[in-house]
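# Any chance you could fold what I've pasted below:
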Amino acid sequence: MRAVPVSCLLSLCAGALLPGELQPAAQGPEWTLGTSLSHVTSLRDAGCTDQGLWASTAGGVFHYDPASGQFDETLSYPDPLPERFCNDVLLDSQGRLWVATKREGVAMRQDGFWIELTSFEGLPGTGAVFALHEAGGSVWAGTDGGLGKWQDGSFVPLEESTTGGAFLADEVTGIEDLDGFLWLATDRGVYALDLSGSPFNPDSWADYGGATQDLGLRGLESMDGVLYGFGTTGVYRADSGDWWVPIWDAADVSDLLGITSQGLVAASQGVYRYEPGSASWVEVGSGYPQGMTGVYFCTGLAEIEGELWCSVGSDGIEATDWGTGIARLEEDEWQLVEIPGQPASSCYQMMLDQNGVLYLGSHLRGLLGLFTEGWRYWGFDEGMPNMLRTYSCASDGQGGMWTASYHYGLTWVGGASTWESGDDSLVVFLTDSLSWPPGLTQVICPLYNMQVNMLARQGDVLWIPQEAYWATPDEPSGLVGLRGCPPDPQGLEWVLRDPSTAGGMAFKDVLAVMPVGSDTLWIAYAEEHGCQMLDHQGTPMDADDDAWMPDGRSFTTEHGLPSGQVYCFAVSPDGQVFAGTGAGLCSFDGDGFSSVNGIYGSIRTLDFDGAGRLWCSGSAGVFVLDEGSVTLYDSSNSPFIPGNRAEPEFSFFDQSSGNLYISSSSGLWIVHAGTGGGEPGEAWFYPQPFLPAEHGLLRVSGLPEGIPLSVDFFTLSGEHTGSLRSESGPAEWTWNGSFDGGAAASGVYVGVIRQGSTVVVGKIALVR
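This is a model prediction of the structure:
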């Protein structure tokens, strides 16, 4: 927000959003990715050049020092790693750290600097690296295109064309050296390379695919001169190259470690040691964490100075979204060490409460909360009915909150605003009672079904959109309104709208809603059925007063929508409605929609910032529409990872911090987009738009405290409508949307802020 003369009020407020033209990005915003390091893909002993262990994870890599108990060298995406998802990590004999990433090749750290190594440096494949190994004086990388050997500052690609047709594998997922040979687990079975010969000479290669291709081997390990393979069908011993003996018929063995203190140890649903005498496997240690359907999967093993370590994953071997921590075997008992940070990466709807606590729905960890003490989550032990697909969270207006686990109804959480869990109380509202988990506090209620897509608050009403998804098409669904909150379930008031009960409603399957003011609701329908506007006349709990636009049908491509699939809406400070669709952005003109040029792809979230810029995130990246010009942020000019998952996406702009929050399968993106009406550090009004019907207050931020502050209000025509003053500064200045006891009408107002010699002018969009 700029300091300007009062005479410039009208010219300052004259800007309007126009169809955009794509512009190159100038100085971009600062991006932060809050993601999870909890799913570990591999553990490595740091060796003689370091202490502790290194771990690669689905959110980066970290170093853990058992002596201090510190995660003291966490290196997470986007800085400095080129990719958040890491498959393996290696600290070589020269002290160089190598990281295998899922899509962006290898990152090598030397002398404090990171070097990104891709196909330009000879790495075979398209960027996926599965395994790293040091042998024969070289570092080897197993990729989705074969094998890479580090030599003279680049990788030498080893595949069919460079090995004289001797090596035919497309993927190398495991590497081990034994008796002068490099052994490889591949998609075509096991290969061996004689390290004393040239890898370009076909005679240096041996192919054991005929005996091993159907074994599902993903990795290799050696102990006492014997080679072992492990993978999807168990553990095998190589008695010779073409004779592999099954020694454990287990599904999904994720790691194998040949160590001196425990013998041969395997990771699966727990940790197990091989007993050669009885040819059996016995569980190692007690106290391994229990999961929802049994023990959690162990995803990695390491031994550090004679102590066995493991990483604790989730219930499913393929569930890479979250893990539980790392554990050390002490006196035959596992001691869990929780990995700090966001508990799960894939996330959905978010909100900030009055205390600044960030709440976040997650894919596999239930409801998350970010406190000053760190992250906590609400799961089965806290009274949640499920932790999978917790799409939503919204305030209950009285210090508690609502959330929902897909297929498990609506949950009210009381006492969630504190770090301690002892004072929490949870009530689950369902259409049918659940027999599990035990101890669930549940109430049968008139929801259409157990599926909740999102939640939206309008004044004292909570809107609950529902659809018949993953069920028979004739399943009941529609739009539910709820007034009130526990602990008095009998005092709750419910209203249900579907085409059979609400005349004029077009379809029953509701994907998303957006309240506008106190009397209007925009509704997006599932299955490419477009959208519709509901004017409930300020009586949301009485469907008899409803007016629908269009009446009895929805806005579709016939009305200018670029796609019948509508995901989201936003309202500009001057009241213009925008819709994000499966084929770009459009704006509403009162009768239909018009596409906005330069914004394409599937647009999943929309939000205006304090400067009136529209942020649109979707499958192509994040577009910013700013007075007719469009900027796109994608992987070419920002760390942002575009995505287009089937589940809902969400975002919101926090005026008090100038941060835009965007949910994604990668984690929670925080875009430091600037504040209110101009550059960071200047003054601004928030929230925008200002909705007095939600019992909120307009505030001022960006100016020093302790200095008297006054604000004069003007209409766009220049009429003075009122003044408000605070003797102590911005923290004590608020406006409830009224002048001299009378409610101010909806519209755009100009606020002139005066503090000492500073005069700052800004717009206020008031919507009732």
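# Look up the pLDDT of the residue most central in space within the chain for me, please.
Nearest to the geometric centre of the chain sits residue 667, at 2.6 Å (C-alpha atoms, centre = their mean). Residue 667 is assigned 93 on the pLDDT scale.
# What residues of stretch 712-730 count as buried?
712, 713, 714, 724, 726, 729, 730 (16 or more other C-beta atoms under 10 Å). (Each C-beta comes from the backbone N, C-alpha and C, glycine too.)
# shaky segments in this protein?
Residue ranges of the chain with pLDDT under 70: 1-28, 48-49, 78, 292-293, 470-473, 489, 674-682, 694-695.
# most distant residue from the middle of it?
Outermost in the chain, C-alpha atoms, centre = their mean: residue 203 at 48.8 Å.
# Now tell me what touches the host helix or strand of residue 185 from outside.
In this assignment (DSSP states H and E), residue 185 forms part of strand 181-186. Under the contact criterion C-beta atoms under 8 Å, 6 or more residues apart in numbering, strand 181-186 has outside partners 133, 135-136, 140, 142, 147, 169-177, 190-195, 206, 209, 217-220, 222, 227, 229, 231.
# quick one: it to chain centroid distance?
36 Å (C-alpha atoms, centre = their mean, to the nearest Å).
# what's the answer for stretch 313-326, then?
For stretch 313-326, the distance to the chain centre is 15 Å (C-alpha atoms, centre = their mean).
# now stretch 360-377
Worked out by C-alpha atoms, centre = their mean, stretch 360-377 lies 12 Å from the chain centre.
# Name the residues of that stretch that come out as buried.
So for stretch 360-377, counting by 16+ other C-beta under 10 Å, buried means 360-370, 375-377.
# Report the separation between residue 716 and residue 396.
Relative to residue 396, residue 716 is positioned 36 Å away (criterion: C-beta to C-beta, to the nearest Å).
# could you measure the residue lying closest to the residue farthest from the centre of the chain once chain neighbours are set aside against residue 182, distance?
Once flanking residues are discounted, residue 203 sits nearest to residue 197: 6.8 Å by C-beta to C-beta, 6 or more residues apart in numbering. Separation of residue 197 from residue 182 (C-beta to C-beta): 11 Å.
# neighbour count winner among these two?
residue 182 (24 against 13; other C-beta atoms under 10 Å).
# Report the two of the buried residues of stretch 712-730 separated the most.
Checked with C-beta to C-beta, the buried residues of stretch 712-730 reach their widest spread between 714 and 729, with 22.3 Å between them.
# hmm, back to that, so what strands line up beside the strand holding residue 185?
Sheet pairing of strand 181-186 (DSSP bridges) gives strand 172-178 (antiparallel), strand 189-194 (antiparallel).
# Select, out of those strands, the one closest to residue 244.
Proximity to residue 244 (C-beta to C-beta) singles out strand 189-194 among those, at 8.2 Å.
# Now do the buried residues in the helix or strand just after the closest one.
Sequence-wise, the next helix or strand downstream of strand 189-194 (DSSP H and E) is strand 205-207. Residues of strand 205-207 classed as buried: 205, 207 (neighbour count, 16+ other C-beta under 10 Å).
# next one: stretch 507-523
Those would be 507-523, for stretch 507-523 by 16+ other C-beta under 10 Å.
# Show me what the host helix or strand of residue 765 is packed up against.
Using DSSP H and E, residue 765 falls within strand 758-766. On a contact count with 3 or more C-beta pairs under 8 Å, 6 or more residues apart in numbering; DSSP states H and E, strand 758-766 meets helix 9-12, strand 684-686, strand 747-755.
# and the longest one, C-alpha only, in CSV?
What follows is strand 747-755, C-alpha atoms only, in CSV (Å, rounded to 0.1, in the frame of the first residue of the first chain):
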residue,chain,number,x,y,z
GLY,A,747,-19.3,-2.1,-1.5
VAL,A,748,-15.7,-0.8,-1.8
TYR,A,749,-14.6,1.9,0.6
VAL,A,750,-11.4,3.8,0.8
GLY,A,751,-9.6,4.0,4.1
VAL,A,752,-7.1,6.8,4.8
ILE,A,753,-4.8,5.8,7.6
ARG,A,754,-3.0,8.5,9.5
GLN,A,755,-0.2,7.8,12.0
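# So which elements touch it?
Using 3+ C-beta pairs under 8 Å, 6+ apart, strand 747-755 is in contact with helix 9-12, strand 709-715, strand 758-766.
# possible to save the ones you listed as JSON lines with distance to residue 301?
Output for the helices and strands packed on strand 747-755, formatted as JSON lines (distance: least, C-beta to C-beta, whole Å):
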{"stretch": "helix 9-12", "distance to residue 301": "64"}
{"stretch": "strand 709-715", "distance to residue 301": "61"}
{"stretch": "strand 758-766", "distance to residue 301": "57"}
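# any idea which of the ones you listed is most buried?
Comparing those by mean neighbour count (mean count of other C-beta atoms under 10 Å), strand 758-766 comes out on top with a mean of 21.
# what angle do that strand and strand 747-755 make?
On the basis of axes from the mean of the first three to the mean of the last three C-alpha atoms, to 10 degrees, strand 758-766 is oriented at 160 degrees to strand 747-755.
# so strand 758-766 versus strand 709-715, what angle?
Relative orientation of strand 758-766 versus strand 709-715 (the same axes, to 10 degrees): 50 degrees.
# could you pull out the helices for the stretch 351-500 of the chain?
With DSSP state H, counting those that start in this stretch as the criterion, the stretch 351-500 of the chain has no helices.
# same question, the chain
Listed in chain order, the helices of the chain (DSSP state H) span 9-12, 209-212.
# tell me what the last one is packed against?
Where contact means 3+ C-beta pairs under 8 Å, 6+ apart, helix 209-212 is packed against strand 189-194, strand 243-248.
# quick one: the first one to chain centroid distance?
In this case it means strand 189-194. 39 Å.
# Could you export it as CSV, keeping only the C-alpha atoms?
Backbone C-alpha positions of strand 189-194 (Å, rounded to 0.1, in the frame of the first residue of the first chain) are rendered in CSV as follows:
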residue,chain,number,x,y,z
GLY,A,189,16.7,-60.1,-13.1
VAL,A,190,20.2,-60.1,-11.7
TYR,A,191,23.4,-59.1,-13.6
ALA,A,192,27.0,-59.2,-12.5
LEU,A,193,29.8,-57.0,-13.7
ASP,A,194,33.5,-58.0,-13.3
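# Burial check on the closest residue to residue 545 other than its chain neighbours, number of neighbours?
Sequence neighbours aside, residue 537 is the residue nearest to residue 545 in space, at 4.2 Å (criterion: C-beta to C-beta, 6+ apart). For residue 537, the tally of surrounding residues (other C-beta under 10 Å) stands at 14.
# what do you get for residue 530?
Count around residue 530 with other C-beta under 10 Å applied: 26.
# same deal with the one 3 residues further on?
Number of residues near residue 533 (other C-beta under 10 Å) recorded here: 18.
# Please report how far it lies from residue 548.
In terms of C-beta to C-beta, residue 533 sits 7 Å off from residue 548.
# ok, now residue 46?
65 Å.
# Also residue 503?
8 Å.
# what do you get for residue 354?
35 Å.
# Residue 461 too?
18 Å.
# Quick check: buried residues in stretch 627-638?
For stretch 627-638, a neighbour-count test (16+ other C-beta under 10 Å) marks 628, 630, 631, 632, 633, 638 as buried.
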